[in-house]
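Engineer: Attaching a predicted model along with its sequence, questions to come.
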Amino acid sequence: MNATARADTAGSDGGLHPLRDISFGQIGITTDRAADGTIYVRSTTTLADYPVRITDRLHHFAEQSPDRVFMAERDKTGGWRTISYAQMLSAAQKIASALLARRLSAERPVMILSGNSIDHAQVMFGALYAGIAMCPVSPPYSLVSKDFGKLRYIVGLLTPGLIFADDVTPFAPAILATVAEGVEIAASRGEVAGRKVTSLDELLNAPEHPELSARHDAIGHDTIAKFLLTSGSTGNPKAVINTQRMICANQVMIREAMAFLKDEPPVIVDWLPWNHTFGGNHNIGLTLFNGGSMYIDDGKPTPAGIAATIRNLREIAPTVYFNVPKGYESLLPVLREDTALRKLFFSKLHAMFFSGASLARHVWDGLDEVAVQETGARVPMLTGLGATETAPFFMSVTPQTSRSGHVGLPVPGNEAKLVPNNGKLEVRAKGPNITPGYWRAPELTAKAFDEEGYYKLNDALKPVDPNNLSAGFDFDGRISEDFKLASGTWVSVGPLRARFIAACAPLVRDVVIAGLDRDSVSAVVILDGDGCKLVNPALALDDLAAMAKDEGIRDTLRERLRKLLEQATGSSNRITRAVLLGEPLSIDAGEVTDKGSVNQRAVLEHRAALIADLYTDPPPPHVIAVD
């Protein structure tokens, strides 16, 4: 399956610049078509064998490379605190003994409230080693939420037997509001008023449990490794069951596709939250599975957080780099200006990878330009299609086919089923990496799978070439976001949203498309602080209200909206009015996740008055109208 990717195609600057040569797997498919138009797409490559349990790889590298850095994080002095493979295995075994003594289980799992850290990882691997389910919870549910509503629901759904936070003090109000007194609290440091807190040191000093080895050996493919929570876009979060089979099989899929991971142990600098599948399954997993080193990035893709990321990248050269589109957008200007950073960043880099949204063309082109400037070649930018329920790797591009909006083909071990749905092809998935369902939610589980056992991703795909499906597929929006105008015309939200963001770059971070049962399409615009400051440098990055009222920004977006309107081909993509959102989206209302992903449906429901303004005649002053 290994192949070397080479391509001499036109670069973004109009010249001919090759892609950097990297090892990458060949992705071939066979297809079958049913009479009703359903298409089955299967890989021609058999998935290689995968381990029974993910901690088998921890044992492997603790024996093979005991002193190699597994994880590192910034300490209080600004240096790097590290933990080796041998040290992580030892910590995992000790904490596993402590958890087994407490008789925890999937019915009474470990819940981790704090963000990415070495201590978080030690508790996580302790639970994995003991065969006890764990669940990392988005910190904003405790630290940003004002009513703790989602956290309260999650605690009730999972009934945890132990709650962990590295520094528990900031989490104390949320714990006191949602966690019953009988539930044990553990922490590296900090206190909760009126509650006993077990120290992490106490867990690490637990005597070896007499059944430790036997319990680890008893872990099988169907053992629940963790619960990962969905964003709750259609209500409360769902707890997605992640089994050992899912995680182990998916890591083989990743390794066989991204074959460059075999060439040398990966080094990654990564901020992506472990309570999401991208950071918690994909990135931790590929680090461990391939004997790599993860440097935990204490930065974020925000104006305030990017400085920490840059500081880390000035010291650590990644072999593969993962981020969301906003992260690349924030990093690009610094790579352009800082020659030392650019040299180190590209010195060992095999590939970059993005997920979560489309990468804007101007950002992609800019990354190509700085890569060519430094190395003479473009560094492959990879992406694909996946979900929490697919562990997450399901479809992948190749270096040669990669472009914004393209998701590629199913990787070995996966099957895609494409079902006609209102003029689109709805994609469904089957494979050993697919979840068995949602914890304590049999009705939701039943609705998530079709009669043939395929998981329904709720996404639509479009073939690049209908006559040659081997050319791969483009993302065609989410089925649940599409709607009809009053005329009965379907609006395909995903592609229209991408067009709007591209047309308004870099002023717009995201957009919510409105128009259900209306005569026309309109937009609620989420502004991008960095982009808006290019128009008016005097604006504060966090002052959305001022940005929404700024005449320069409004005039610029009005002109962009006119140009977009000129390109419209019909009522389904003809946006005539827009309103600029002058306040942050609400995590309590489910409008946004901690990664910044926008929930279209929640915004439309929560901002009903604003939507009504878009359809008022004459439009109020805050509405930008070009009709």
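Structural biologist: Done, it's in.
Engineer: State the distance from Tyr50 to Ser571.
Structural biologist: According to C-beta to C-beta, to the nearest Å, Tyr50 stands 49 Å off from Ser571. (C-beta placed from N, C-alpha, C; glycine too.)
Engineer: which of the two has more neighbours?
Structural biologist: Tyr50 (22 against 16; other C-beta atoms under 10 Å).
Engineer: and that one, what does it touch?
Structural biologist: By C-beta atoms under 8 Å, 6 or more residues apart in numbering, Tyr50 lies in contact with Arg245, Cys248, Ala249, Gln251, Val252, Pro432.
Engineer: Let me have the residues you listed in CSV, adding distance to Ser522 as columns.
Structural biologist: Formatted as CSV, the contacts of Tyr50 follow (distance: C-beta to C-beta, whole Å):
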residue, distance to Ser522
Arg245, 46
Cys248, 47
Ala249, 44
Gln251, 44
Val252, 46
Pro432, 44
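Engineer: Just send the residues you listed back as JSON lines, with pLDDT, distance to Pro495 and secondary structure too.
Structural biologist: Output for the contacts of Tyr50, formatted as JSON lines (pLDDT from 0 to 100; distance: C-beta to C-beta, whole Å; DSSP: H, G, I helix; E, B strand; the rest coil):
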{"residue": "Arg245", "pLDDT": "98", "distance to Pro495": "35", "secondary structure": "helix"}
{"residue": "Cys248", "pLDDT": "98", "distance to Pro495": "36", "secondary structure": "helix"}
{"residue": "Ala249", "pLDDT": "98", "distance to Pro495": "32", "secondary structure": "helix"}
{"residue": "Gln251", "pLDDT": "98", "distance to Pro495": "32", "secondary structure": "helix"}
{"residue": "Val252", "pLDDT": "98", "distance to Pro495": "33", "secondary structure": "helix"}
{"residue": "Pro432", "pLDDT": "98", "distance to Pro495": "32", "secondary structure": "coil"}
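Engineer: Make a markdown table from the residues you listed and add neighbour count and distance to Thr230 to it.
Structural biologist: A markdown table is the format used below for the contacts of Tyr50 (neighbours: other C-beta atoms under 10 Å; distance: C-beta to C-beta, whole Å):
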| residue | neighbour count | distance to Thr230 |
| --- | --- | --- |
| Arg245 | 22 | 20 |
| Cys248 | 25 | 22 |
| Ala249 | 25 | 21 |
| Gln251 | 25 | 22 |
| Val252 | 21 | 25 |
| Pro432 | 18 | 21 |
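Engineer: which of the residues you listed lies closest to Glu208?
Structural biologist: Distance to Glu208, by C-beta to C-beta, is smallest for Cys248 among these, at 25.6 Å.
Engineer: Contact partners for that closest one?
Structural biologist: Tyr50, Pro51, Val52, Arg53, Ile54, His221.
Engineer: can you check Ser355 too?
Structural biologist: Contact analysis of Ser355 by C-beta under 8 Å, 6+ apart lists Phe278, Phe322, Val324, Thr383, Gly384, Gly386.
Engineer: Then Leu580?
Structural biologist: Leu580 makes contact with Val525, Leu527, Met547, Ala548, Ile553, Arg554, Leu557, His622, Ile624, according to C-beta under 8 Å, 6+ apart.
Engineer: Out of those residues, which is nearest to Val183?
Structural biologist: Nearest to Val183 out of the contacts of Leu580 is Leu527 (C-beta to C-beta; 41.3 Å).
Engineer: List only buried entries from the contacts of Cys248.
Structural biologist: The neighbour count (16 or more other C-beta atoms under 10 Å) marks Tyr50, Pro51, Arg53, Ile54, His221 as buried among the contacts of Cys248.
Engineer: Quick check: the gap between Thr309 and Ile268.
Structural biologist: Going from Thr309 to Ile268 by C-beta to C-beta gives 12 Å.
Engineer: try Leu418
Structural biologist: From Leu418 to Ile268 the distance is 33 Å (C-beta to C-beta).
Engineer: what's the answer for Arg378, then?
Structural biologist: Distance of Arg378 to Ile268, given as C-beta to C-beta: 20 Å.
Engineer: Give me the neighbour count for the residue lying closest to Gln122 once chain neighbours are set aside.
Structural biologist: In this structure, Gln122 finds its nearest non-sequential neighbour in Ala91, 4.4 Å apart by C-beta to C-beta, 6 or more residues apart in numbering. Neighbour count for Ala91, taken as other C-beta under 10 Å: 22.
Engineer: Please apply the same query to the one 10 residues further on.
Structural biologist: For Ala101, the tally of surrounding residues (other C-beta under 10 Å) stands at 15.
Engineer: Could you find the closest non-adjacent residue to it?
Structural biologist: Closest to Ala101 by C-beta to C-beta, 6+ apart is His209, at 5.9 Å.
Engineer: Looks to me like that neighbour is in a strand.
Structural biologist: No: remark: His209 does not belong to a strand; assigned using DSSP: H, G, I helix; E, B strand; the rest coil, it is coil.
Engineer: For it, give me its contacts.
Structural biologist: By C-beta under 8 Å, 6+ apart, the contact set of His209 is Ala96, Ser97, Ala98, Leu100, Ala101, Arg215.
Engineer: Pick out whichever of the residues you listed sits closest to Ser142.
Structural biologist: Among the contacts of His209, Ala98 lies closest to Ser142 (C-beta to C-beta), at 23.4 Å.
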